[in-house]
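Engineer: Here is a sequence together with a model predicted from it:
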Amino acid sequence: MKAHTKETQAAITPQIAVQLLKEGNQRFQESIKADRNLLEQVSDTKSGQFPFATILSCIDSRVSSELIFDQGIGDIFSARVAGNFVNEDILGSMEFASKLAGTKLVLVLGHTACGAVKGACDDAKLGNLTALIGKIKPAVAAVTEPVDAASRTSKNIDFVNEVAVKNVHMTIDNIRKESSVLKEMEDNGEILILGGMYDIDNGKVTFFEK
């Protein structure tokens, strides 16, 4: 599998970009890797890069986008922050990736048993982590069940995972609200903005419906 060129990138629609990630994740689940030479791709991309997707995921060591989607050098832009939320810097990075570098998909990827989400559920406080967790707390508040405070902690993994899903949806809403560039591109059909969840138990990515 060769690195993408300007021509192959241009031929990829947003829908094809989603399919390429789905196929890559399926290979990952089956322990099958695409036939690629990474060092050859390093050489192929030395004069330019033409990725097809931008993925915002958590810093969790188990959730490397390149690995779980079986992608190579020059295939995706990968933005990572604990809790996979957006701020001005990440939005700017996404705008660069989509508007200037030509990616066709923005994927916000959460995952099960997320430590940052657990911290938000427990109102954890630790240095700069306190402010980071504060950005996830709106998702905690938005998940209304269960009502009992004792069940709204990191000990309730179902609650944690529901908050993680809600956080993905709220992050997508924030992308559309805070980036007129990406919103316009989506409205024009140039890109898709989608969410998904990675299951740390089995390696499967579930894509949300638009």
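Structural biologist: Thanks, I have it.
Engineer: From here on, just use CA atoms for contacts and neighbour counts.
Structural biologist: Will do.
Engineer: ok, and what's touching stretch 44-53?
Structural biologist: 2-6, 9, 12, 17, 73-77, 101-107 (CA atoms under 8 Å, 6 or more residues apart in numbering).
Engineer: Now with 10 Å, please.
Structural biologist: For stretch 44-53, contacts defined as CA atoms under 10 Å, 6 or more residues apart in numbering pick out 2-14, 16-18, 20-21, 38-39, 42, 72-78, 94, 97-98, 101-107, 191-192.
Engineer: Out of those residues, which sit inside strands?
Structural biologist: Counting by DSSP state E, the part of the contacts of stretch 44-53 found in strands is 76, 77, 78, 105, 106, 107, 192.
Engineer: any idea how far residue 92 is from the fourth one?
Structural biologist: As defined by CA to CA, to the nearest Å, residue 105 lies at a distance of 15 Å from residue 92.
Engineer: if you count what's nearby, which of those two comes out ahead?
Structural biologist: residue 105 (28 against 15; other CA atoms under 10 Å).
Engineer: What residues are bridge-paired with the more buried one?
Structural biologist: Under DSSP bridges, the beta-bridge partners of residue 105 are residue 53, residue 192.
Engineer: that older thread, can you say which two of the ones in strands among the contacts of stretch 44-53 are spatially most distant?
Structural biologist: 78 and 192 (16.0 Å; CA to CA).
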